[in-house]
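A.B. asks: generate coordinates for the sequence data below:
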Amino acid sequence: MDRLPSFALHRPTNLADAAAWLAAKGARPLAGGTDLLPNLRRGLDRPQALVELAGIAGFDAIEDRAGGIAVGAGATLAALARDRRCSGAYAAIAEAANAVAAPAHRNAATVGGNLCQDTRCVFYNQSAWWRAANAGCLKRGGTVCHVAPQGQRCHAAYSGDLAPALIALGADVELVSVRATRRVPLAALYCDDGAGHLALAPDELIVRVLVPDATPAARSGYRKARVRGAIDFALAGVAIALVVDGATIVELAVALTGTNASPFRLEGIDALLGRDADDARVLAELGKLVTKQARPMRTTATAANHRRQVAAALAQRLLRELAVAPPSGATS
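C.D. replies: Alright, predicted model coming up:
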């Protein structure tokens, strides 16, 4: 890696000032920096200014609210993982936060940063000289996606862990800019394009995540596969939110990461409602839904079809585990 490039550093103490600085051309938000700073050192981004968010009061708050819980975008993953609210129905949140990298990373990385994590590809996340030797790529400095040279879109994969857990739980995000404050479903924050995977305006900032109440019978979980048991990004990750009556599926949401250019909620799940979660046919149908909608490409050192099959196996195992686990009750 190279040295960090030169940039101006702004340290606002409130959201209004942060939004004003971000409205300036070429400014980027800085929280934990665990994704942004390595990218700067690889020459993948050269912002004119960074807007440090650590000094904004309440930006890291995790609170009970009417209708659910509110998680500040500045909360660290370590704080989120150990928060009492992230258990029972919301266990997927803590499990996803704990699955990120290593303890040192989780002590610095933030919720907002993890949700906005850049997409990854073996042709993109390289040194500047390596990329130059390949004439760049569609995501950075080139005109061709080396993963799919005949295509017109980037196939870099999104591999953040928190997003699928929060999507499965039906979370919204609150966004702020100098123009307006708006609330959107978290799933709507993402686009299916590795080069432009966030539906955020350049001057918009995630302020908090709003997770709705869950029923006392709900339970959730997150599982990921990676090359090593720590540090590595997800080759495939699956989150499930589930309500069962006995063994019968009453409510079910499944979300994936690591396989596509964006995290996504699995479609076609309604066909499994009213059926037994431990039925081999149900598990087989779930596996087929995953393998059909997961679209991994040659963006990692692991074969694409391997990642697809691993995602299906993770979903099947997690559904089976959650179906027999005793509900802990909603936590808000």
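A.B. asks: return the set of buried residues in stretch 73-87.
C.D. replies: For stretch 73-87, the neighbour count (16 or more other C-beta atoms under 10 Å) marks 73-81, 83, 85-86 as buried. Placement of C-beta: from N, CA and C, glycine included.
A.B. asks: let's see which of the residues you listed end up in helices.
C.D. replies: Among the buried residues of stretch 73-87, the members falling in helices (DSSP state H) are 77-81.
A.B. asks: so where's the chain shaky on pLDDT?
C.D. replies: For the chain, the stretches with pLDDT under 70 are 328-332.
A.B. asks: still on that earlier bit, need the buried residues of stretch 73-87 in JSON lines with distance to residue 109, can you?
C.D. replies: Below are the buried residues of stretch 73-87 laid out as JSON lines (distance: C-beta to C-beta, whole Å):
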{"residue": "73", "distance to residue 109": "12"}
{"residue": "74", "distance to residue 109": "11"}
{"residue": "75", "distance to residue 109": "10"}
{"residue": "76", "distance to residue 109": "7"}
{"residue": "77", "distance to residue 109": "5"}
{"residue": "78", "distance to residue 109": "8"}
{"residue": "79", "distance to residue 109": "11"}
{"residue": "80", "distance to residue 109": "10"}
{"residue": "81", "distance to residue 109": "11"}
{"residue": "83", "distance to residue 109": "15"}
{"residue": "85", "distance to residue 109": "19"}
{"residue": "86", "distance to residue 109": "16"}
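A.B. asks: nearest to residue 286 among these?
C.D. replies: residue 86 (25.0 Å; C-beta to C-beta).
A.B. asks: all strands of the stretch 151-300 of the chain, in order?
C.D. replies: Ranges of strands in the stretch 151-300 of the chain, per DSSP state E, counting those that start in this stretch, are 172-176, 181-185, 205-212, 218-225, 236-245, 248-257, 264-265.
A.B. asks: list the contacts for the residue lying closest to residue 313 once chain neighbours are set aside?
C.D. replies: Nearest residue to residue 313, sequence neighbours excluded (C-beta to C-beta, 6 or more residues apart in numbering): residue 287, at 7.4 Å. Contacts here follow C-beta atoms under 8 Å, 6 or more residues apart in numbering; on that basis residue 287 touches 312-313, 315-316.
A.B. asks: repeat that with 10 Å
C.D. replies: 309, 311-316, 319 (C-beta atoms under 10 Å, 6 or more residues apart in numbering).
A.B. asks: please apply the same query to residue 137.
C.D. replies: Neighbours of residue 137 in contact, by C-beta under 10 Å, 6+ apart: 121-124, 126, 131, 143-147, 154-156, 194-195.
A.B. asks: and those residues, which two are furthest apart?
C.D. replies: 122 and 143 (18.4 Å).
A.B. asks: tell me which of these two has more neighbours.
C.D. replies: Taking other C-beta atoms under 10 Å, residue 122 and residue 143 do not tie; residue 122 has more neighbours (14 against 8).
A.B. asks: so the more buried one sits right up against residue 304, yeah?
C.D. replies: No - using C-beta atoms under 10 Å, residue 122 makes no contact with residue 304, being 11.9 Å away.
A.B. asks: need the overlap of contacts for those two.
C.D. replies: Each of 147, 298 lies in contact with both residue 122 and residue 304 under the rule C-beta under 10 Å, 6+ apart.
A.B. asks: out of the contacts of residue 137, which are inside helices?
C.D. replies: residue 131.
A.B. asks: of the contacts of residue 137, just the buried ones, PyMOL syntax please.
C.D. replies: To isolate the buried members of the contacts of residue 137 in PyMOL, using 16+ other C-beta under 10 Å:
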select buried, resi 121+123+124+126+131+144+145+146+147+154+155+156+194+195
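A.B. asks: which ones are touching the residue lying farthest from the centre of the chain?
C.D. replies: Within the chain, the residue lying farthest from the chain centre (C-alpha atoms, centre = their mean) is residue 246, at 31.3 Å. Residues counted as contacts of residue 246 (C-beta under 10 Å, 6+ apart) are 276-277, 323.
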